[in-house]
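> Okay, predicted coordinates and the sequence, questions at the end:
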Amino acid sequence: MSEETPRRRALGRRRRANVEGGRKHSHRVLVTPEEEAVLAQRAEAARISVPRLLIEAALAQHGETATDRREALEELFRVRGYLGAVSNNVNQVAKATNATREVQEDLASTLAAVRATSARVHRVLDALGADA
């Protein structure tokens, strides 16, 4: 069995979660081979099934699907980890600067990483529709 955490597994589901009582209605959709190829490609890119892709797209509000939100949240978790590493580097540069009273060589690259991470956070928040 996988060592994934429940949160990670829930975020990475290909199929929708089961619902109490099951789903009682089904719809049959016929597509051309070209349409099937596009649907399969998009579903694979989103790491979900084709039926889930169709349902999410049809039920999406303001063009945002649950998968889009999941991907944005995953990106926020990645950024959060990177932000921790960058802030650790800022602390190291500040400590060395305070000890020697000389500007450290890493200062420019560290500040560039801070700016890039901040911009990344803003992009993810914009994708989520949040005010940054």
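The structure has been received and is ready for your questions. Numbers count the residues shown, from 1 in each chain.
> contacts and neighbour counts: CA atoms only from here.
Will do.
> Which residue ranges of this structure form helices?
Assigned by DSSP state H, the helices in the chain fall at 6-11, 33-46, 50-59, 66-100, 107-128.
> Average pLDDT for the shortest one, rounded please.
This predicted structure assigns helix 6-11 an average pLDDT of 49.
> can you check stretch 54-65 too?
76.
> circling back to that earlier point, quickly, which of the helices of the chain bottoms out on average pLDDT?
Among the helices of the chain, helix 6-11 carries the lowest mean pLDDT, a mean of 49.
> returning to that earlier point: which one, of the helices of the chain, ends up nearest to Gly21?
Closest approach to Gly21 among the helices of the chain (CA to CA): helix 50-59, 18.6 Å.
> could you give the angle of that closest one to helix 66-100?
Here the directions of helix 50-59 and helix 66-100 differ by 90 degrees (axes from the mean of the first three to the mean of the last three CA atoms, to 10 degrees).
> and helix 50-59, which residues are buried?
Within helix 50-59, the residues that count as buried by 16 or more other CA atoms under 10 Å are 50-53, 56.
> What of stretch 82-99?
Those would be 83, 86, 89-90, 93, for stretch 82-99 by 16+ other CA under 10 Å.
> Closest to Ala119 out of those residues?
Proximity of the buried residues of stretch 82-99 to Ala119 was ranked by CA to CA; the top entry is Leu83 with 11.5 Å.
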